[in-house]
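J.: For reference, the sequence and a predicted model appear below.
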Amino acid sequence: MIEKKWLIGAAAVAAIGLAAAAAQEQQTPPTPARATQPGQPQALSPDYANWSTFNGDLAAQKYSSAGQITPQNVGNLMKAWEFHTGDLAHKGGKIPETYFEATPIFANNTVYIGTPFYRIFALQPDTGKVKWTFNPHALLKPLTQPGMKSRGVAFWQAADPMPGQPCQKIVYIGTMDAKLFAVDAETGKPCAGFGNNGVLDVDRWNVVNAKYPLSLLQPPTVYKDTLIIGWAGKDWEYKTAPAGVVFAVDARTGKLKWKFDPLPPQAQRNTGTANVWASMSVDPKNGLVFLPVSSPSPNFYGGNRKEPVPMATSVTALDTETGKVRWSRQLVHHDIWDYDINSAPVLVDIDKGGQTIPALVQSTKMGYIFVLNRLTGAPIFPLKEVPVPRTDVPGDVTSPTQPVPVLPKPLLPPRWTGVSTIADIASLGGCSRQLKKLRYDGMFTPPSVRGSLIYPATPGGVEWGGGAVDPVNDIYVVNNSYTAQVYRLIPRQQYARETKNGTPDSYYDMAGTPYGLDLHTFQNWLNMPCWKPPYGSITAIDLKTGQQLWKEPFGQVQQWGFYMPHSWGSVTIGAPLITASGLIFIGASMDSRARAIDERSGKVLWTGKLDAPAVAIPASYSYKGKQYVVFVAGGNDIMVPRLSDQVIAFSLP
Amino acid sequence: MPTARERPGWGIWLLFLAAVVAALASLYDFLIAWGINHTLGAGIVLVTTIIMAVAALAMLTWRAMPNWLRVLLLIGLAVDVIGTGVAAYFLTAWVLLILMIIAAIGWFGTVFSGANKPREQMA
């Protein structure tokens, strides 16, 4: 424990100095971006008119060509329709609380919604009236998650439909217990030819360290006639866990086409996961699917997995036809912070100096934005391997360096913002007293037995929605949080004693390792954050130069109903979309509001009221000559105890 | 010593009316208002506005109120009005905030207009 503040300061200054000097030496020059020559088949051609996938299109751009709503008239936006699914549960009820995080899918002139009870609703795009519903009567038990969670549905249609035959267009939804249901997009009837009478049991392939089912919370990625399926687990629970295998199956039959395992065979004896629980993106022209790969198990201790696991916490490109690795770039070495790569990389062709660069933009929990050549994985802007703090935990190791992009500038400051004066006064110095007990050495401070301050912590940085891109102007927009948490490793015997009469919510077992973990937000007894604001912001980045165009506080913190100053921003989960008219639409804030933001200036032009925070990606589409923007306002207990089952569409009068 | 011949002035009437309307507005906020309904903050201002209304009513109706109690209530009302006003600001409950400004005018009227003083002092 460091007792003197001046010692901390001196050590920090010395560490920063040494790190900076070392970083200077280790800076790697950027690989020249591979430019596309005219005629090379590398241009993207996403479907900007519909919103047929989780991220709007396969490139995960979250961009809509709809332009009826403009910065000039967005102030007139009004509720067009509202729909409540009825699939809502609160903490303490019979059914565990709901996490309704679905992107509304607009395809086949219908809005499709998947719920946390794994029902599917097909809605009229202009009225919200129900066309049909499908109920799989799914098991409503939180087998791998704290509650019932879904991020919605996926849509497929045959390239050569057979007239009069059912299931030429299919909607899919996965469940907590690893069942993937396929129903006819026109009628909601199960597609008998898929799996076993319309349901595929993905858990049949869960054969290595099968400690829990492979929860299908993220809709599969649909590419041509293939569904590419990732899954969610609980990588904080066990040392050895199911290997993070990605499955590709036939969209019509559910037959396995290929699978990809990110773990080396020898590592599977000692670890697991490195799964893909977030969405993926696809470059159809180049036949590549891009995976955001999470950390290996367990999340916060790596003594069991000292051998290299190079594809863990990486962005990895696979051949869409075979599942073979084309390239992989690890973004966190030997991850012991739960810095999962947690969103689909955004694919964009950057026009620079008369050349077109095939790029991908990967946001991260650390607040780093990696801009890579999507054909090779090489950085387009410089990356540094920066020396980072070393672990003092017996049995564990840490990587001596971590990759840090020079451009774009990280979204968060390199060190935490310091103790909040208000929270410290309210707790009679409680925040400062807590801090004195903790280890903090800047970014990548390892978990420790005495407790480490981690900033940004596991909620990020950038969450699973990722960013959006305006492909016309090469502008990338992303919302991020500033969170501080305490990671404290607890020796096994002590952990057993402390959990003898029940396991606190903040404890994670990591069974099979010498430590359990206590992970809690760094806050005082009034639940006030012990770190200074900001808590959330939204940033626009020029992808041609890597420079920030603007950065604004995003949302408002709300505690006990009280709104905190705008300048503080809000912790944010969800993502923006961008329209052709230069508007950004986003929910994602604690204050249960939808916002329209001017893409050029970052200024809020319109706000709409929602029943709960829209912890999801909105969708925009045009139908019968009118543009709609649809939000799913499900809420999330992490942000504020306000949950809902609301789906709401806005349009001009 | 009780001042039996005090009569209520416009200030305390204004404060009382503002407090009653504020209590109703707070009830609406607590039960219905978007964004703040069923929150601790809305519950707190509901309680503080009810206390405000009761205290103002006591000053209106209890003519023989001892001076020390009157002073105590006026101090308490000042704290209540300011605290509720600040809370209303952070709740973005603008109607409630306006009512607290009106209540504050009533409070100043009560303290400085002299209308609430004993008749003999005004003679």
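T.: That came in fine, so what should we check first?
J.: Residue A:626 pairs with what?
T.: Counting by DSSP bridges, residue A:626 forms beta bridges with residue A:623.
J.: ok, so what distance separates it from residue A:81?
T.: Separation of residue A:626 from residue A:81 (C-beta to C-beta, to the nearest Å): 12 Å. C-beta here means a position set from N, CA and C on the backbone, and glycine is covered the same way.
J.: Go ahead and flag the most central residue of the chain.
T.: Looking at chain A here, since you left the chain open. Note on chain A: the residue nearest the mean C-alpha position is residue A:464, at 1.0 Å, using C-alpha atoms, centre = their mean.
J.: The chain in question should be chain B.
T.: Nearest to the centroid of the C-alpha atoms of chain B, with distances taken as C-alpha atoms, centre = their mean, sits residue B:52, at 4.1 Å.
J.: Any figure for the gap between residue A:511 and residue A:492?
T.: As judged by C-beta to C-beta, residue A:511 and residue A:492 stand 9 Å apart.
J.: ugh, wrong one, residue A:51
T.: Taking C-beta to C-beta, one finds residue A:51 at 49 Å from residue A:492.
J.: Looking at these two, which has the bigger crowd around it?
T.: Counted by other C-beta atoms under 10 Å in any protein chain shown, residue A:51 and residue A:492 do not tie: residue A:51 has more neighbours, with 28 against 16.
J.: re earlier: if you skip the residues just before and after it, what's nearest to the residue nearest to the centre of chain B?
T.: Distance criterion C-beta to C-beta, 6 or more residues apart in numbering or on different chains; nearest residue to residue B:52, sequence neighbours excluded, is residue B:19 at 4.0 Å.
J.: Could you report the neighbour count for the one you found?
T.: 29.
J.: for residue A:417, same thing?
T.: 15.
J.: Given the one helix or strand residue A:122 maps to, what are its sheet partners and their directions?
T.: Using DSSP states H and E, residue A:122 falls within strand A:120-123. Its sheet considered, strand A:120-123 pairs with strand A:110-114 (antiparallel), strand A:130-134 (antiparallel) by DSSP bridges.
J.: Tell me which residues are up against the last one.
T.: This points to strand A:130-134. For strand A:130-134, the external contacting residues (C-beta atoms under 8 Å, 6 or more residues apart in numbering or on different chains) are A:83, A:110, A:119-124, A:171, A:173, A:181, A:183, A:187-190.
J.: now those residues: which count as buried?
T.: Neighbour counting with 16 or more other C-beta atoms under 10 Å in any protein chain shown marks A:83, A:110, A:119-123, A:171, A:173, A:181, A:183, A:188, A:190 as buried within the contacts of strand A:130-134.
J.: quick one: which of residue A:626 and residue A:81 has more around it?
T.: Counted by other C-beta under 10 Å, residue A:626 and residue A:81 do not tie: residue A:81 has more neighbours, with 19 against 15.
J.: contacting residues around the nearest residue to that one once chain neighbours are set aside?
T.: Using C-beta to C-beta, 6+ apart and skipping the chain neighbours, the partner closest in space to residue A:81 is residue A:128 (3.4 Å). Shown in contact with residue A:128 (C-beta under 8 Å, 6+ apart): A:80, A:81, A:82, A:83, A:111, A:647, A:649.
J.: For residue A:121, see how far away the fourth one is.
T.: When distance is defined by C-beta to C-beta, residue A:83 is 7 Å away from residue A:121.
J.: who touches both of the two?
T.: Common neighbours of residue A:83 and residue A:121 (C-beta under 8 Å, 6+ apart) are A:113, A:130.
J.: just to revisit the earlier point, I would like the residues contacting the strand holding residue A:122, please.
T.: Applying C-beta under 8 Å, 6+ apart, the contact partners of strand A:120-123 are A:83, A:85, A:110-115, A:129-134, A:153, A:171, A:173, A:181, A:183, A:185, A:188, A:647.
J.: Just the mean pLDDT for that strand, thanks.
T.: Model confidence over strand A:120-123, given as mean pLDDT, is 98.
J.: quick revisit: isn't the residue nearest to the centre of chain A right next to residue A:343, touching?
T.: Yes: Residue A:464 lies in contact with residue A:343 (C-beta atoms under 8 Å); the separation is 5.3 Å.
J.: where do the contact lists of these two overlap?
T.: When contacts are counted by C-beta under 8 Å, 6+ apart, the set common to residue A:464 and residue A:343 consists of A:278, A:279.
J.: Tell me the residues that contact both of residue A:626 and residue A:81, please.
T.: Contact criterion C-beta under 8 Å, 6+ apart; residues shared by residue A:626 and residue A:81: residue A:126.
J.: okay, now the residue of chain A found nearest chain B: neighbour count?
T.: Residue of chain A nearest chain B, by C-beta to the nearest C-beta: residue A:561 (2.9 Å). Residue neighbour count, defined by other C-beta under 10 Å, stands at 25 for residue A:561.
J.: Surely it touches residue B:33?
T.: No: the pair residue A:561 / residue B:33 is not scored as a contact, 9.3 Å apart, by C-beta under 8 Å.
J.: Show me what residue A:363 bridges to in the sheet.
T.: Counting by DSSP bridges, residue A:363 forms beta bridges with residue A:369.
J.: Can you get me a residue count around it?
T.: Count around residue A:363 with other C-beta under 10 Å applied: 30.
J.: Distance of residue A:410 relative to residue A:458?
T.: For residue A:410, the distance to residue A:458 equals 17 Å [C-beta to C-beta].
J.: before we move on, the earlier item: list buried members of the contacts of residue A:128 by neighbour count.
T.: Buried, going by 16+ other C-beta under 10 Å: A:80, A:81, A:83, A:111, A:647, A:649, out of these.
J.: and which of the residues you listed is nearest to residue A:316?
T.: For those, the minimum distance to residue A:316 (C-beta to C-beta) is 32.4 Å, reached by residue A:111.
J.: Where does pLDDT dip in the chain?
T.: In the absence of a named chain, chain A is used. Residue ranges of chain A with pLDDT under 70: A:1-46.
J.: my bad, the chain I had in mind was chain B
T.: For chain B, the stretches flagged by pLDDT under 70 are B:1-6, B:114-123.
J.: Let me know the secondary structure of residue A:578.
T.: With DSSP: H, G, I helix; E, B strand; the rest coil as the basis, residue A:578 sits in strand.
J.: give the contact list for it.
T.: Contact analysis of residue A:578 by C-beta under 8 Å, 6+ apart lists A:61, A:62, A:63, A:64, A:468, A:469, A:470, A:475, A:477, A:584, A:599.
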